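# how does the following fold in three dimensions:
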Amino acid sequence: MDFLALATKYLVSDLKGKYIHLGMIEPLFNSLKNEFEITKIGQSVKKNSIYQVKIGSGKTKVLIWSQMHGNEPTTTKGLFDFLNFLNSDSELANKIKREYTLLCLPMLNPDGALAYTRENANEVDLNRDAVAETQPEMQLLKRIYNEFKPDFCYNLHDQRTIFGTSDYNLPATISFLAPAFENSCTYNSTRLKAVEVINTMFEALNPYLPNQIGRFDDSYNVNCTGDYFTTQGTPTILFEAGHFNSDYNREESRKFVFVALLSSFLNKSENVVVNNVLTNYLRIPQNNKCFFDFIYRNVKIIDNNVEKIINFAAQYQEVLIADKIEFVAIITKISDLENYFGHVEYDCQSMLFSLDGKNYPEIGAKATFNIDNLTYFDNGIKII
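Below you'll find the predicted structure:
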């Protein structure tokens, strides 16, 4: 099966870029309402609507939510692409709808999505509120969980461009986790069911993303939603959409989210998990914080009248300006950077750095500078 061709075919073109908010997804419900059950189920802190989309009539129930962090929209795009596929009359879509009942909350944090913030309007990280349940959005998610009684939960997120795959020095374009249920991070039958689904998704994605699929850190924190639901006995899977080549708007990454979602509903077993399932899961490379957006190597500086050759790195900050996300490159690290990689790297060949009359970079400064007054870098990128 050509999963990536399906992802391209069913891509929802009205959802593009990094800024995805409630006003963009509400019109899409009209194209789904004949096939799916769409219900307004609650409100955010600022009284923005939160919706659920119910699909299928099968025995196995899956609860899916995305954008509980407002500035993580890639999986929302991938989820709507998947809903668009399920809205088709293809044999595979109909099979999934016969075998599964899906309950999707495609934007749990509409306030954060509009403001492009991780937190909700009360500046609370919803993914740390599972136990305290202080926020209306988390109260809503837990009510739906208790009423629906899912067999599986899918917790959809984005991860930053800093993540790569250990031992391969490649971007982690998508990562997964079967969250722990206690501090020792052992594996019980609940967690192993999530592991089995992740292995299925890995097999589908690996031909497209060799060595670019990661395994997220499984440190236990019961306040995190995935850990909490796993502790309650529900197999839960964390999805983390990451960086692919120069795809900062993540229009390619969304396709891999689609592939992951679609493949997760194929060959899912309800039987006791076989012995090699855990072995295969643990072979997925661990996520590693080893990337910067830019690395500049072999840069000459003058610091206190002493010439040195250094390396430094810059990272994009994502800033919401006039309903558009602007990428602003900021100098973030100055060191040898021996164990780090850049999505873009420049060898400055021992030429002299200059910025605003200074011959050394400063942490927090915008990455717009000259090298030997011959080469100009604007917002991180070499111009001349």
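# immediately after the helix or strand harbouring residue 146, which helix or strand?
Taking DSSP states H and E as the criterion, residue 146 maps to helix 136-148. The helix or strand immediately downstream of helix 136-148 is strand 152-158, counting by DSSP H and E.
# check which strands are paired with that next one and give the direction for each one.
Partner strands and pairing direction for strand 152-158 (DSSP bridges) are strand 60-66 (parallel), strand 236-241 (parallel).
# and among these, the most buried is which?
Most buried of these, by mean neighbour count (mean count of other Cβ atoms under 10 Å): strand 236-241, with a mean of 26. Bear in mind the C-beta positions are built from the backbone N, C-alpha and C, glycine included.
# what lies in contact with that strand?
Applying Cβ atoms under 8 Å, 6 or more residues apart in numbering, the contact partners of strand 236-241 are 72, 74-75, 78, 152-159, 163, 172-179, 194, 197-198, 214, 216, 225-226, 229-230, 250, 253-254, 256-257, 260, 264, 287.
# ditto for stretch 122-140
Against stretch 122-140 from outside (Cβ under 8 Å, 6+ apart): 41-45, 50, 68-69, 108-109, 117-120, 141-142, 155, 157, 221-225, 227-229.
# rerun at 7 Å
41-45, 50, 68-69, 108-109, 118-120, 142, 222-225, 228 (Cβ atoms under 7 Å, 6 or more residues apart in numbering).
# any of those buried? List them.
Neighbour counting by 16 or more other Cβ atoms under 10 Å classes 41-42, 44-45, 50, 68-69, 108-109, 118-120, 142, 222, 224-225, 228 among the contacts of stretch 122-140 as buried.
# out of these, which sit inside helices?
Residues of the buried ones among the contacts of stretch 122-140 located in helices (DSSP state H): 142, 225, 228.
# contacts only, for the last one.
Read that as residue 228. Residues in contact with residue 228 (Cβ under 7 Å, 6+ apart) are 130-131, 222.
# dump those residues to a markdown table, plus distance to residue 3 and pLDDT.
Shown next, in a markdown table, are the contacts of residue 228 (distance: Cβ to Cβ, whole Å; pLDDT from 0 to 100):
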| residue | distance to residue 3 | pLDDT |
| --- | --- | --- |
| 130 | 32 | 98 |
| 131 | 37 | 98 |
| 222 | 34 | 97 |
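# quick one: pLDDT of the nearest residue to residue 88 once chain neighbours are set aside?
Among residues not flanking residue 88 along the chain, residue 10 sits closest, at 7.2 Å (Cβ to Cβ, 6 or more residues apart in numbering). For residue 10, the pLDDT comes out at 98.
# same deal with residue 373?
So residue 373 comes in at 83 (pLDDT).
# check contacts around it.
residue 354.
# and it, how far from residue 355?
Residue 373 sits 11 Å away from residue 355, going by Cβ to Cβ, to the nearest Å.
# thinking the residue nearest to residue 88 is in contact with residue 85, fair?
Yes - shown here, residue 10 and residue 85 form a contact pair, counting by Cβ atoms under 7 Å, at 4.2 Å.
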